[in-house]
Every structure is written in structure tokens, then in C-alpha cells.
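*Asks:* fold the following, please.
(chains A and B)
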Protein chains: 2
Amino acid sequence: MSKFTQSPEDRLIARYFRPLATAPGAFGLIDDAAALTPPPGCDLVLTTDGVIAGVHFLADDPPDMVSRKVLRMNLSDLAAKGAKPLGFLLSVALPAAFGEAWLGAFAAGLAEDAARYGIALYGGDTDRTPGPISASIFAFGAVPRGKMVHRSTAQPGDCIVVTGTIGDAAIGLALRRDGTLGRRLGLSDVAAAELEGRYLLPQPRNALADAILQYASAAIDVSDGLAGDLDKLCRASSVAADIDVARVPFSDAARAAIAAEPGLRETALTGGDDYEIVLTVAPQNLAAFRAAAEAAGVATAETGRVQEGEGARFLQEGKALSFARASYSHF
Amino acid sequence: MSKFTQSPEDRLIARYFRPLATAPGAFGLIDDAAALTPPPGCDLVLTTDGVIAGVHFLADDPPDMVSRKVLRMNLSDLAAKGAKPLGFLLSVALPAAFGEAWLGAFAAGLAEDAARYGIALYGGDTDRTPGPISASIFAFGAVPRGKMVHRSTAQPGDCIVVTGTIGDAAIGLALRRDGTLGRRLGLSDVAAAELEGRYLLPQPRNALADAILQYASAAIDVSDGLAGDLDKLCRASSVAADIDVARVPFSDAARAAIAAEPGLRETALTGGDDYEIVLTVAPQNLAAFRAAAEAAGVATAETGRVQEGEGARFLQEGKALSFARASYSHF
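*Replies:* All right, here's what the predicted structure looks like:
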């Protein structure tokens, strides 16, 4: 009886994205909007982050890596706030040259990570664009009411802790941009692949969210470079931080690269895309926090102390480093 | 003491967007994420919609119209679900050629509408792009728990009601794309400006949200064209709809355009960007709904009935119209 058929856009959404809409309130993505019944006694933690081809990823990166990267960038923000991820909405714009196969692989990567992190797709928006591929995610999680971990609450005397390793992604991006750099640095193929992999696919520290919620006095997601992001935490908290560069956690691969080319130390400390967390912990909570982190399988390193003052200072053999560019800025 | 200064990106956010972050849980946009304490007894309604220059607006549209349009597109979704808007997050990507003045005007428009609709900015993401300007908004509102109005709950026998007027924006876009069309149609400058204005700046029906919540059996935001959107509602509800085209509400300006060029009737019925609402109401609730709509200052028109069957049918003098393209699809 009807003169209409399902639009191509609706068909693509039904085929590739509906399987990710596993929450009852997502209504199989057939409605204008989703409904979320907030977990009792909780605040919702809201964040958004996006990627643009040529800016945040390389245009020929595998589509499943692109979708997982943008989701994980958002998950990393939730982890730093001590929040348990609940779900996300997706906005994606595709050039005409990128067809259904690209979108299918993009959705498959997203489905894999949605399952891995136990979250559902609640809605989205799919467009054609005359520009490069772009994707934005709006993610939300839950914390006990009033308990979101802030940037602005570090106290003088707190220990400064960094998760995982710093600088791998920034060095990995340099390797991807310069095909002969790895050989010039004398890196093994395995080491180069490890660094490049950290750029391609972040490893957000959501396993640590409960420990952060319980023990951190302040925390920030390291996405624009450790130096700049720690400085933001300091300024928001009206404190200073002295970081002992010798105690900043570097991977063996990053150490090898920096040993061959010392200028890469600055790349590592100020480059973006780490998706680690830098947090502050009162000294009396440090042992308990580190035990919880170890139980969660996340490496942590104590790298310095919060002081009275303003801003972050990186000390090497007692001397403050001066960086050409403290952190990534789009403007 | 610090070696760092505020990044240009942080400065722009502080200057232009922080004034919109009026909710306590937005933390002045200085944190990784926002916190929202959900209103007691409510579900959150979540939606996202975005715009790309050259696709959803014209590249030389005034920036304050662009920001207000994308916000209102999202507000329209919330209105159709019976939700009270609470806040939003924004993701915006700007080409290098668009400088601070553009962003300032964009933010000023957003601030005006945020105040008008009583909502706050909770966070965002600002990027440079090698592509066209784009902006996505993630908006959230509240409904009493379990009460979100769906597409999928229309019942045979329900009345079909359309708010405002249909087709103005689609005809307005045709006028903007063809500078001589208005004269060829014999439209006055005032009529042409009225139609173009409806494309430039939607008038979402949030004033009607309470009445929709109370009386609608189902509802959908008319953003991709009345014909296609009503058809979506029908398919989601497993019902049919017979619409009397003579009762579809057209503005005087749209009527004049259609009288001069009858092909524009299809443009009006299937074109996008109306940001009206088509809803179904049980006959016994129709009078109360229409009284509530009148009290809210929103015009409504009863245009047909829900039937057993599948899909929407548009009848003119008893004959079903056949459309070349039922609704807007990006793919």
C-alpha cells in the first residue's frame, strides 16, 4: 500500500549500526532519540571527542581502527573521571568515495569495542560530506553522585602518578610520517610496530576507573601530551608540579628511539595521543592505589610531587626543561 | 614558574564558549568531562544531529544562524519526544580560513538560543579541518520515567496532527539556490524572505512538548520531509496513514509558490528542514491536545487518520500521490 521504501541511509543504519544498539533505551535506533534511565544514586559523566582524516588519523588507516580510536578517546576521558562507561552516540560523515565496505568495517570495529567495554550505541547521525571522513562520539558514563574526579582538586604534597607509558603514540606518528625514520633510529621492526600501534589504537585505562574514583585527588586524561595536560591540571588546581623526567614511564621502544635521537624526548613528553592518565594521590593513599592498579593490570609510575605554585615543571638532572610547544593545540 | 601558557584553543573556548557553560556540572568547560545529576524520577532523552557546510547550510550563511540551526535541529527531536531540554555538547570543526570572528559569531548565536531555550553547554570539542565547516550537537532532555513519546505506538483510528506549516524551508532552499525563482513564481520579497528564513533558522516546537507528552500516542520530528517521516512513523507502528493533502498546513507564501508552480507541492511534502512535528492522538484526546497547543501558541492541523495497514499515503481529491523521492537521504 505504501509508496515508500526504506531509504538507503536507514538501510545502512539498520544493517551496520543496529546490532550495536543493545540497550533497551536505544530502541533499535528507529526513533528520533534514545531514552536512558540513569543508574540510581549516580551522576552521568558526559564527554565528546572526534576525529578528522588527516588531522587525528591518516586517511588510509583501517576503518575499524578509526572507529575504535574515536570511541577509545572518549572512553579515556571517562576513565580519568572515575566513571563507568554506559553508552555513546555517533556522528559520522563520509565522502562519496567511501562506500558501504568502509562503513561496514568501521561499524565492525565499533561493535568489537562496544562489546569489549560493555557499552551500547544509543543513537547517531550519518552524513555525506564533500570534505574528509570525520567521526564524533558523545559518550556517557556514571559515577556515584558528586564523586566525579576533577582536574581542579590536586593538593600540595600529593604524589603525581602516570599510567602505562608516555610518548609511544607521538613517536609512532613520527615513524608513520617518515618511512625511513625507524631504520635511521636503529629500531627493530617489532619496536617500530609497537610504537605505531599505540598511535593507531589507544589503550584507554578504564580498568583503573574504580581505583581512580577511590583514591585520586585529581586526574586528567593525557591526550594532548603529558607536559601540557599536567600543566592544565596544575592550573585548574592552582598548584605546581615538579616531574622527574627520569621517572616518566617510557616503553623500551620509546627509550631506544630517544637514545638514538634525544630530540624525541620532547616529542614524547609533549606529543599527543597517549590516552594515559596522570593523577594525583595523597601520600597516605599511594600504596593502596598502586595495589589496586596492579590488581587491575595497569602499570603506574610515581613521577613527582605537587607543590605550592602554578604550573608543571619537568626536571632533568635538576634542571627544568623548556619545550618549544607544550602540547597539541588545534588553533 | 611554569614554562606553559594557555593554548590558543583553550583561550578560544574560555572566551567564546565558557559563558554558555552555565550549569554547575559543566565546570566552566575546564575539565575532561561534565557531570549531570539527572532530575529525579526522569529518564534522559538523548539525541545527536549535525550540519556540514554545503550539505545542511550554505557556506556563506551567517555563523550565528548556523549554530542556532544545529542546536534547534536537536531541540526539535527532543520536542517530538515530549522531553524538556536540559543541555548539550558541541563538536565544531573549522577550516583555517575561518577565524576567530566566525567562531565568535557562531558562539554568540548559540548563547542567544541557549538562553532562549533555558539550556546550558556542558562540553565540546573544537578542531581545525581541511574540509568544510561542520558542527555536531549532542542534546539531552528529560521526561518522566518511561514516558518518552515514541514513533512506534500509533494506533489505528488515531488522528494525525501536523504542527505549524510544511514545506516552507524546502521551497526556501529552492529560492536560495536559484536567485530568479522568486520573481518567476511572482512571490513578493516578503514571502520569499519568509520561506528562505524557514530554511535558515528552524522554529522547533518545544513549546508543545508538554502537550505531546500528555496527549500524543506517537510522534516524529519532521526533518527529512513530511511524506517520508510520517511513513517512518507508520512503519515503526505497523500502521498505515491516509493524509488529505488539502488539509496539510501550508503557509500563504508556500501556497502562492505552489499555485505558480504545482511541482513545488511535492517539494513541500517531501523536502526536508521543516522541524515541525507530526503526531498521532486518540480521537477522544484531540480537543484537549489542540486546546493545549493553542495555549502554547503552536498552530496544529488535523490532516488524516491512522488505519490498519503499512505506510503513509497522501490523497489529493481521493487519488494517492506518487513521489519521485519520498524523503531526504544522505546515501
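*Asks:* what segments of the stretch 201-331 of chain A are strands?
*Replies:* A:216-222, A:240-244, A:276-281, A:300-307, A:311-316, A:319-320 (DSSP state E, counting those that start in this stretch).
*Asks:* want to throw those into CSV with mean pLDDT, mean neighbour count and distance to B:A296?
*Replies:* No exception for glycine: its C-beta is placed from N, CA and C like everyone else's. Below are the strands of the stretch 201-331 of chain A laid out as CSV (pLDDT from 0 to 100; neighbours: other Cβ atoms under 10 Å in any protein chain shown; distance: least, Cβ to Cβ, whole Å):
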stretch, mean pLDDT, mean neighbour count, distance to B:A296
strand A:216-222, 98, 27, 43
strand A:240-244, 96, 21, 54
strand A:276-281, 98, 30, 47
strand A:300-307, 97, 20, 54
strand A:311-316, 94, 21, 52
strand A:319-320, 92, 12, 62
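*Asks:* so which of those is nearest chain B?
*Replies:* strand A:311-316 (2.2 Å; Cβ to the nearest Cβ).
*Asks:* strands paired with the closest one, and their directions?
*Replies:* strand A:240-244 (parallel), strand A:319-320 (antiparallel) (DSSP bridges).
*Asks:* for the residue nearest to A:G41 when sequence neighbours are not counted, give me the pLDDT.
*Replies:* Ranked by Cβ to Cβ, 6 or more residues apart in numbering or on different chains and with sequence neighbours excluded, the top spatial neighbour of A:G41 is A:R145, at 5.6 Å. For A:R145, the pLDDT comes out at 97.
*Asks:* now do A:S322
*Replies:* On the pLDDT scale, A:S322 gets 88.
*Asks:* same thing with A:S327?
*Replies:* Reported pLDDT for A:S327: 60.
*Asks:* what about A:I52, is that helix, strand or coil?
*Replies:* strand (DSSP: H, G, I helix; E, B strand; the rest coil).
*Asks:* now do the contacts for it.
*Replies:* A:132-134, B:93, B:127, B:129-131 (Cβ atoms under 8 Å, 6 or more residues apart in numbering or on different chains).
*Asks:* and if we set it to 7 Å?
*Replies:* Going by Cβ atoms under 7 Å, 6 or more residues apart in numbering or on different chains, A:I52 touches A:132, A:134, B:93, B:127, B:129.
*Asks:* if you rank those residues by neighbours, which is first?
*Replies:* A:S134 (30 neighbours; other Cβ atoms under 10 Å in any protein chain shown).
*Asks:* identify the residues contacting that residue.
*Replies:* A:50-53, A:93, B:93, B:134.
*Asks:* how far away from the center of its chain is stretch A:193-200?
*Replies:* 14 Å (Cα atoms, centre = their mean, to the nearest Å).
*Asks:* in this structure A:L201 contacts A:S67, no?
*Replies:* No: the pair A:L201 and A:S67 fails to qualify as a contact (Cβ atoms under 7 Å) at a distance of 10.4 Å.
*Asks:* neighbouring contacts of stretch A:286-298?
*Replies:* Outside stretch A:286-298, the residues that reach it (Cβ under 7 Å, 6+ apart) are A:159, A:163-164, A:205, A:207-208, A:211, A:214-215, A:281, A:300, A:302.
*Asks:* in that stretch, which residues are buried?
*Replies:* A:286, A:289-290, A:292-293, A:296, A:298 (16 or more other Cβ atoms under 10 Å in any protein chain shown).
*Asks:* so for the residue nearest to A:L90 when sequence neighbours are not counted, what's the pLDDT?
*Replies:* Closest residue to A:L90 apart from its sequence neighbours, by Cβ to Cβ, 6+ apart: A:G124 at 4.0 Å. Looking at A:G124, its pLDDT stands at 90.
*Asks:* what about A:G124, how many residues nearby?
*Replies:* 25.
*Asks:* what helix or strand is it on?
*Replies:* Under the criterion of DSSP states H and E, A:G124 resides in strand A:120-128.
*Asks:* if we go by neighbour counts, what in the helix or strand following that strand is buried?
*Replies:* Downstream of strand A:120-128, the next assigned helix or strand under DSSP H and E is strand A:134-144. Under the neighbour-count criterion of 16+ other Cβ under 10 Å, strand A:134-144 has A:134-143 buried.
*Asks:* how about TSV for those, with distance to A:A23 added?
*Replies:* Formatted as TSV, the buried residues of strand A:134-144 follow (distance: Cβ to Cβ, whole Å):
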residue	distance to A:A23
A:S134	25
A:A135	20
A:S136	20
A:I137	15
A:F138	15
A:A139	13
A:F140	11
A:G141	13
A:A142	13
A:V143	19
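*Asks:* distance from stretch A:69-79 to the middle of the chain?
*Replies:* 4 Å.
*Asks:* can it be found next to chain B?
*Replies:* Yes: Stretch A:69-79 lies within reach of chain B by Cβ under 7 Å from any Cβ of the partner chain, at A:77-78.
*Asks:* likewise for stretch A:200-219?
*Replies:* No: Stretch A:200-219 stays clear of chain B (Cβ under 7 Å from any Cβ), getting no nearer than 8.3 Å.
*Asks:* next: stretch A:23-38.
*Replies:* Yes: applying Cβ under 7 Å from any Cβ, one finds stretch A:23-38 touching chain B at A:30-38.
*Asks:* stretch A:98-105 too?
*Replies:* No: Stretch A:98-105 does not reach chain B (Cβ under 7 Å from any Cβ); its nearest approach is 8.6 Å.
*Asks:* buried set for that stretch?
*Replies:* A:98, A:102-103, A:105.
*Asks:* dump those residues to CSV, plus secondary structure, distance to B:A79 and pLDDT.
*Replies:* Listed next are those as CSV, based on DSSP: H, G, I helix; E, B strand; the rest coil; distance: Cβ to Cβ, whole Å; pLDDT from 0 to 100:
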residue, secondary structure, distance to B:A79, pLDDT
A:F98, coil, 33, 78
A:W102, helix, 34, 91
A:L103, helix, 30, 91
A:A105, helix, 36, 95
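*Asks:* counting contacts, what elements does the strand holding A:G124 pack onto?
*Replies:* On a contact count with 3 or more Cβ pairs under 7 Å, 6 or more residues apart in numbering or on different chains; DSSP states H and E, strand A:120-128 meets strand A:34-36, strand A:84-94, strand B:42-52.
*Asks:* how about those strands in a markdown table, adding mean pLDDT and distance to A:L78?
*Replies:* Output for these, formatted as a markdown table (pLDDT from 0 to 100; distance: least, Cβ to Cβ, whole Å):
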| stretch | mean pLDDT | distance to A:L78 |
| --- | --- | --- |
| strand A:34-36 | 96 | 15 |
| strand A:84-94 | 96 | 5 |
| strand B:42-52 | 96 | 16 |
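*Asks:* mind putting those strands in a markdown table, distance to B:P19 included?
*Replies:* What follows is the helices and strands packed on strand A:120-128, written out as a markdown table (distance: least, Cβ to Cβ, whole Å):
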| stretch | distance to B:P19 |
| --- | --- |
| strand A:34-36 | 28 |
| strand A:84-94 | 25 |
| strand B:42-52 | 22 |
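*Asks:* which single residue in the stretch 151-300 of chain A comes nearest to chain B?
*Replies:* A:D231 (4.2 Å).
*Asks:* closest residue of the stretch 51-200 of chain A to chain B?
*Replies:* For the stretch 51-200 of chain A and chain B, the shortest gap (Cβ to the nearest Cβ) falls at A:G131, measuring 1.9 Å.
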